[in-house]
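**Q** 3D, please:
(chains A and B)
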Amino acid sequence: MVLKSESEYEYATELHDDTRRSLLRHMLVARGLDEEAHRLQKQGGLILWASGQGHEAAQVGSALAVGPEATVFPTYREHAIALLRGVAPDELLAQWAGRTFCGWDPYRLRFFPYTLVLAAQTLHGVGYSIGQRLQGREDFVVVYVGDGATSEGDMSEALNLAAVESASVLFVCQNNGWAISKPAEEQMRTSVAERARGFGIESVRISGRDPETVFSACSRAAAHIRGERAPYLVEIQVGRIRGHTTTDSQEVYRTRDDIARSVAADPVTSYAARLSGLGVVDTAWLDGVEAEVREMRERLMKEYA
Amino acid sequence: MTSTVETSTVRTPTFAESINATLADLLEHEPGLLLLGEDIGRLGGVFRVTRGLRERFGAERVRDALLAESTIVGQAVGMTMSGLVPICEIQFDGFTYPAVNQLVTQASRIGYRWNGQVSPSLVVRIPTGGGFRGVEHHSESNEALFARYPGISVACPSTGEDADQVLRHAVTLGSPVVVYEPIRLYWRRDTPVRDPEPARSPTAARIVRRGTDLTIATFGAITHEVLEAAHDLAPDVDVEVVDLRWVAPLDMDTVLESVTRTGRLLIVHEGSKDVGIGAEIAAEVAERGFDTLRGPIRRLAPERRVYPPANFESEYLIGVQEIKDEVLVMTK
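**A** Prediction:
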């Protein structure tokens, strides 16, 4: 089954160069942390790591678009959003090193703990939004799920609950095409976006290769939610560059070509090249971010190796 | 003691009326508390336990939920994160299972996962048990399932007064509580008399009949059959009856103190025997009070089998006569 994607730049509007640099900087930092986490896991410093490589544009674009007031209910792969929200790198790795179940302050950052039982957090997110609204407080919530989790009953229940309660919830589905080893075409007969419309929730399906597309689509979605006080779903097609987690060997079930395509469509390197080409960033700026990433990795190595 | 049944003409509230009054009082005094369940608003619940509450407190606080148990408990978990105190109702014990994941992997662990930043006072009321000619799935006793999970407290009150104390405690506990309400007690009025002795604490067991020859530890609806048997056996055998009220955590101190006095222990419950609450109590008493026993600990509970169709439930359930027979065997 080939799902038709809406044009990559359909929603792209001219973003301010500061916003573009911010998008790229967060993506580069997230990639650096992800690489370091893999290294630390190999060395035994981390028990497990669920890579977010390939998801950076989707995560950074959506999180910057909704702004800091929205409360985020992540699954367990939203590392770029965690960093963007102010989770310190060592706090982010703490649970993957067996030190805690959550290394950060969820309320202060409005970035709630990772949930490992798939889609369980979708109902929490809707319930939290309803609870906030009942108390006259900010009720904007962003719930993240992967494509695999959309098969869980809780996801369908959460969509229906959000629809009938007209809850201010943005559902963001990062569809990387794989539920560990089961490909998307074997998981569903329609897109997740189409499914949402069946529940009465407006939705859009976009490519997650370009953070500006994501930013624009999620800005519109957020405006819809705030304006209509109704939920919205954004399905973002991303490529999965690494395995499901460090325990996975995706070479067993994915063809070399398929993996190569995901690597070639790397959102981080392509966005860096694009902004360089446009003159939005220069070598000095990139060197500055690289130095920041290097320093972060050294600190993590000291803490976890 | 010879009286078997309360003969007073003073109209005391039924179990259901007591719970209704408690919920109304909690809603009145706790602005962050709300009720959530199927048909609890417009209809007042299938057992009318929440009758009148929607009219009094509004549809936002007495919420008619979608017909999905995971949705009920899952959204309640999110509501606790926003600072609210949800009291959920599951319509029947046999429909609890779709909510088990949200209760076990989420509600019970939220406090720990959040490093204590969230203390979810989340109550799930579940009508339970048989003896009222229910259809399939309407007569089960699944309290032992939740008693297994750390982080969840399980209460099985057998009177309106106890339900009141349990509910008031549960909404302040800061961790989830499952409260089992026996269906066959909701509207029953002719219940056997019990000692008015108060419990030591809201979570303690209650000695509802003082006796010297044998202790029966029990909980839930069958407490009344146990009391009836105990009254019938007097004065030949003087049975002490401990109404546990909570099965997780268990108030083993009260049980052990009672066994120290009587030297004999029978455990009676409506849920099936294997790997049940009785097994845990027996093991605890064997470990901590073996030298106080004058004979073997016994359990009286249904065998491990599916709850049968209504025409056969009297064969499944433990009755007054069986309790009396068992006591006589143990004390002969």
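
**Q** alpha carbons only for contacts and neighbour counts from here, please
**A** OK.

**Q** so which bits of the stretch 101-250 of chain A are right by chain B?
**A** A:101-102, A:106, A:113, A:117, A:120-121, A:123-132, A:134, A:154, A:157-158, A:161 (Cα under 8 Å from any Cα of the partner chain).

**Q** just the buried ones from the residues you listed, in ChimeraX syntax?
**A** Of these, the buried ones can be selected in ChimeraX as follows, counting by 16 or more other Cα atoms under 10 Å in any protein chain shown:
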select /A:101,102,106,113,120,121,123,124,125,126,127,128,129,130,131,132,134,154,157,158,161
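
**Q** domain parsing for chain B?
**A** B:15-185, B:206-331 (automatic domain parsing).

**Q** returning to what we had before: okay, and which of the residues of the stretch 101-250 of chain A next to chain B map to helices?
**A** Counting by DSSP state H, these place A:106, A:120-121, A:123-132, A:134, A:154, A:157-158, A:161 in helices.

**Q** give me the pLDDT for residue B:62.
**A** At residue B:62, the pLDDT value in this model is 98.

**Q** repeat that for the one 5 residues further on.
**A** Looking at residue B:67, its pLDDT is 98.

**Q** what of residue B:1?
**A** Model confidence at residue B:1 (pLDDT) stands at 41.

**Q** please apply the same query to residue B:8.
**A** 48.

**Q** mind checking how far the residue in the stretch 151-300 of chain A that chain B sits nearest to is from residue B:64?
**A** Across the stretch 151-300 of chain A, no residue is closer to chain B than residue A:157, which sits at 6.2 Å (Cα to the nearest Cα). To residue B:64, residue A:157 is 15 Å away according to Cα to Cα, to the nearest Å.

**Q** now swap in residue B:258 and tell me
**A** Taking Cα to Cα, one finds residue B:258 at 44 Å from residue B:64.

**Q** give me the more crowded residue out of these two.
**A** residue B:258 (24 against 21; other Cα atoms under 10 Å in any protein chain shown).

**Q** bridged to the spatially closest residue to residue B:93 that is not a sequence neighbour, which residues?
**A** Nearest non-adjacent residue to residue B:93, counting by Cα to Cα, 6 or more residues apart in numbering or on different chains: residue B:128, 5.2 Å away. Taking DSSP bridges as the rule, residue B:128 bridges to residue B:182.

**Q** so who does residue B:128 touch?
**A** B:92, B:93, B:138, B:139, B:140, B:141, B:180, B:181, B:182, B:183 (Cα atoms under 8 Å, 6 or more residues apart in numbering or on different chains).

**Q** pLDDT score for it?
**A** 98.

**Q** same check, this time on the one 4 residues further on
**A** Reported pLDDT at residue B:132 in the predicted model: 94.

**Q** and it, helix, strand or coil?
**A** Using DSSP: H, G, I helix; E, B strand; the rest coil, the structure places residue B:132 in coil.

**Q** quick check on the nearest residue to it once chain neighbours are set aside: phi, psi?
**A** Leaving out its chain neighbours, the residue that sits closest to residue B:132 by Cα to Cα, 6+ apart is residue B:184, at 5.9 Å. Phi and psi for residue B:184, reported as degrees, to the nearest 10, are phi -70, psi -10.

**Q** pretty sure residue B:184 sits against residue B:220.
**A** No: shown here, residue B:184 and residue B:220 do not form a contact pair, counting by Cα atoms under 8 Å, at 10.3 Å.

**Q** ok, these two, which is more surrounded?
**A** residue B:220 (25 against 18).

**Q** who are the contact partners of the residue nearest to residue B:132?
**A** Residue B:184 neighbours (Cα under 8 Å, 6+ apart): B:129, B:130, B:131, B:132, B:221.
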